[in-house]
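J.: what's the 3D shape of this:
(one chain, ligands or ions: 1)
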Amino acid sequence: MLRSTISSLVPRATSVARHMSNAAKLTTVEINDVTGIATLTMNRPPVNGLNLELLTDLNNSIQEIEDNKSRGLILTSSNPTIFSAGLDILEMYKPDKERLKAFWTTLQDVWLALYGSAVPTAAAINGHSPAGGCLLATSCEYRVMLPKFTIGLNETKLGIVAPKWFMSSFLSVLPRRVAERALNQGRMFTTDEALRNGLIDEVANSKEEALAKCAEFIGSFSKVNPLARSLTKQQLRAAELSELENERAQDLEKFIFFVNQPAVQKGLGIYLENLKKKSKN
Ligand SMILES: CCCC/C=C/CC(=O)SCCNC(=O)CCNC(=O)[C@H](O)C(C)(C)COP(=O)(O)OP(=O)(O)OC[C@H]1O[C@@H](n2cnc3c(N)ncnc32)[C@H](O)[C@@H]1OP(=O)(O)O
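T.: You can find the predicted model right below:
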């Protein structure tokens, strides 16, 4: 009985999908009319780098999904090999002061909205997912990843430090010992390693399969009272959420101070240069 309820929630090729957002934006929201589940797709070529505009669209899309009382939210990417390359380093390298503020504030908004979302959330990780990409994935309640990609918080490799709330998301998924070592090493996990360590929940062989598995996870709540479920989730996540809520201004100040340090700017410049060299080869 449960199985048939769940499978009826899995998107089918024949189901009708309503587009809630238009293609001019960097995100699209598609609601499956059969399941009521919203698929939120990031679409900022070439690598879904999280710049101010993509973060703004993500924030608005999450809000739209909450307001429309969708049954759940699946986060994914339109890029076939990259879920998200994390924060757009160009936002932090030689930054404009006002834009940098807006950028970080909007990232805080996105994390608060996604980690604290009232609806069940899942990530269909259909490509590489470093740093900010990993933050988005670990803010969701369930993760399904395609083979032969990588995921992790690699900040120390860039000479930067993941903020406390990045670590909170990571720690909500991984055992402390594994998280601590991985954060210190800036470790990127392969799909297999991520599965073995619990950083992801399942592996799927195609994006369609990943979306179906995410929908199945969301469908597993069909017999649970939605208010009781969301209040339980929010209570479990309240400590991390209020920590950032109460320290938003200090977190912003710390970020701006840190990013503007000459050594950090130098490190980001070298990292960007190496990325560009690599992409030319
Ligand atoms: C200071 C307080 C803490 C702040 C916290 C920060 C968290 C972060 O998210 S920092 C960002 C960390 N992200 C990364 O380290 C990812 C770097 N990118 C990659 O590893 C690879 O690009 C990829 C595995 C995501 C994809 O590889 P692929 O071979 O397909 O593409 P590339 O040829 O490498 O890249 C194409 C193009 O995109 C540019 N690019 C890639 N990532 C970023 C990025 N995060 N920000 C800005 N630009 C990026 C890359 O330079 C290429 O550009 P060109 O075509 O112009 O050469």
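
J.: Which residues of the stretch 101-250 of the chain lie near the ligand?
T.: Within the stretch 101-250 of the chain, the positions lying close to the ligand (C-beta under 6 Å from any ligand atom) are 128, 130-132, 154-155, 158, 160, 163. Placement of C-beta: from N, CA and C, glycine included.

J.: The stretch 151-281 of the chain: helices as residue ranges?
T.: Secondary structure of the stretch 151-281 of the chain (DSSP state H, counting those that start in this stretch): helices located at 164-171, 176-185, 191-197, 207-219, 226-246, 248-259, 262-280.

J.: Return the most buried member of the ones you listed.
T.: helix 207-219 (a mean of 22; mean count of other C-beta atoms under 10 Å).

J.: next one: it to chain centre, how far?
T.: Its chain's average C-alpha position is 16 Å from that of helix 207-219, according to C-alpha atoms, centre = their mean, to the nearest Å.

J.: next one: stretch 70-77
T.: How far stretch 70-77 lies from its chain's middle: 11 Å, per C-alpha atoms, centre = their mean.

J.: Begin at 27, not 1, for the rest of this chat.
T.: Yes, from this point I'll number from 27; that puts the last item at stretch 96-103.

J.: That stretch and the ligand in contact?
T.: No: Stretch 96-103 does not reach the ligand (C-beta under 6 Å from any ligand atom); its nearest approach is 10.9 Å.

J.: quick one on the thing from earlier: reformat the residues of the stretch 127-276 of the chain next to the ligand as CSV; add pLDDT.
T.: Formatted as CSV, those follow (pLDDT from 0 to 100):
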residue, pLDDT
154, 98
156, 98
157, 98
158, 98
180, 97
181, 96
184, 89
186, 92
189, 96
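
J.: now the helices of the stretch 177-307 of the chain as a markdown table including mean pLDDT?
T.: Listed next are those as a markdown table, based on pLDDT from 0 to 100:
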| stretch | mean pLDDT |
| --- | --- |
| helix 190-197 | 97 |
| helix 202-211 | 98 |
| helix 217-223 | 98 |
| helix 233-245 | 98 |
| helix 252-272 | 97 |
| helix 274-285 | 97 |
| helix 288-306 | 93 |
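
J.: does the closest residue to residue 146 other than its chain neighbours have beta-bridge partners, and which?
T.: Spatial nearest neighbour of residue 146, excluding adjacent residues (C-beta to C-beta, 6 or more residues apart in numbering): residue 98 at 4.2 Å. Taking DSSP bridges as the rule, residue 98 bridges to residue 63.

J.: The closest residue to the ligand within the stretch 177-307 of the chain and residue 192, how far apart?
T.: At 3.0 Å from the ligand, residue 305 is the closest residue in the stretch 177-307 of the chain, using C-beta to the nearest ligand atom. Counting by C-beta to C-beta, to the nearest Å, the gap between residue 305 and residue 192 amounts to 25 Å.

J.: for residue 99, same thing?
T.: Noted for residue 99: a distance of 20 Å to residue 192, by C-beta to C-beta.
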